[in-house]
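K.L.:
structure for the following, please:
(one chain, ligands or ions: 1)
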Amino acid sequence: MRTAVGQFTASPDWKENLLACQDLTAQAERGGADLLVLPEGVLARFTEDRHRIREVAQPLDGPFVSALCEATAGGHTTVVAGIHEPSGDGRVFNTLVALRDGRLVARYRKIHLYDAFGDQESAHVRPADEPPVVVDVAGTQVGLMTCYDVRFPELARLLVDAGAEVLALPAAWVRGPAKERHWEVMLAARALENTCWVAASGECGPRNIGNSMIVDPLGTVRARLSHSPGLAWAETDPETTLAARRTLPVLANRRFAVSPRLLAPGELP
Ligand SMILES: O=C(O)CNC(=O)[C@H](CS)NC(=O)CCC(=O)C(=O)O
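P.N.:
Model (predicted):
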C-alpha cells in the first residue's frame, strides 16, 4: 500500500484550509497514494482563543467535508483528516473522517482529550461516545487515532487486535520542551510494540511541531517532514508487516490476558 502523510499550516479560515487539503489530495492522487493522512482539526486553527473552534465547527454533511469528499470522487486515494463537528452539548467532537471516491467511508471521534501540559481540550471538546474504528484501504486494515490518543497504548493495541496493520494518526502536536522527542518516541513505541506501521500527520503552524512521519513495524522512521508544508511517502506494504511480525513476534508471544489478575497485597503465588 502506498501511503502519504501531508502537512500544512492551518489558518482561522476553513476555506483556505480546504484549498490546502484539496491540493494535497490532488498531489497524493497523482503520486498514486492508496492512503493520505492529513492533520487533526483542519477546519480552523486559533493560536490564542482556541474555544472559537466551537464557532467554526461543521457537521459531517457540511461544506468542508462535502467539498473534500468531492475532491476524492473518481479517484483512488483514501483521505483521512480531522475536523470539529457540533456534539449537541455545546461542545464539539474532534472527529476524523475517511473519504474515498466521493463517499464518507468511516469516522472516528477522539477518545482521549488533551487535558495536559496546561491545555484543557475537554473544555470545548466532548469525548467520543462511540467505539474506535478500523477501515479497509486497498485490502489493508487501517486503525484511526487522533493526536493525544498516541499516548495510550491500549487504544493502539485494541486496533491492532482488531486487525490494523497501519495506524493513521492525524495530529496538531503542541510545541514545548521535549515535545518533539515525545512525538517521535510515542510514534515509534506504538509501531514497535504492535509491529505495525504508524502514518502520522502533524499540522505545522506556529503553535504545533509538524514533523509528519511514517514509522515502520520495527520502529524505523521511513519518511518524514520537518516544519514546511508538503507530503512524505512510504510503501506501507503487508509483506514488511508480516516479516516484522516473524522477526519480532511480540503479538504472538503475549502471555497476559486483557485483565490479568493481580496478587492481593500479602498474597503469595
Ligand atoms: O488546537 C491546536 O492548535 C492544536 N492541538 C489540537 O488540536 C489537539 C487538541 S488540543 N492537540 C493535541 O491533542 C496535542 C497532543 C500533544 O501535544 C501531546 O500529547 O503532547
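K.L.:
residue 112 against residue 149, yeah?
P.N.:
Yes. Using CB atoms under 8 Å, residue 112 is in contact with residue 149, at 4.9 Å. Yep, even glycine has a C-beta here, placed from its N, CA and C like the rest.
K.L.:
out of those two, which sits in the busier spot?
P.N.:
residue 149 (28 against 19; other CB atoms under 10 Å).
K.L.:
shared neighbours, residue 112 and residue 149?
P.N.:
Jointly contacting residue 112 and residue 149 under the rule CB atoms under 8 Å, 6 or more residues apart in numbering are residue 155.
K.L.:
how deep is residue 116 tucked in, by neighbour count?
P.N.:
Residue 116, neighbours per other CB under 10 Å, totals 12.
K.L.:
tell me the spacing between it and residue 174.
P.N.:
Separation of residue 116 from residue 174 (CB to CB, to the nearest Å) stands at 9 Å.
K.L.:
same thing with residue 261?
P.N.:
Taking CB to CB, one finds residue 261 at 38 Å from residue 174.
K.L.:
between the two, which is the more surrounded one?
P.N.:
residue 174 (18 against 6).
K.L.:
wait, isn't that one in contact with residue 117?
P.N.:
Yes. Contact criterion CB under 8 Å: residue 174 and residue 117 qualify, at 6.6 Å.
K.L.:
what about the residue nearest to residue 102 when sequence neighbours are not counted, how many residues nearby?
P.N.:
Leaving aside its sequence neighbours, residue 102 sits nearest to residue 73 (CB to CB, 6 or more residues apart in numbering; 3.3 Å). Residue 73: 11 surrounding residues under other CB under 10 Å.
K.L.:
cool, and residue 61?
P.N.:
10.
K.L.:
what's the distance between it and the ligand?
P.N.:
22 Å (CB to the nearest ligand atom, to the nearest Å).
K.L.:
doesn't that residue belong to a helix?
P.N.:
No. Secondary structure of residue 61 (DSSP: H, G, I helix; E, B strand; the rest coil): coil, not part of a helix.
K.L.:
and it, what is it in contact with?
P.N.:
With CB under 8 Å, 6+ apart, residue 61 has no contacts at all.
K.L.:
can you check the pLDDT for it?
P.N.:
Note on residue 61: pLDDT of 98.
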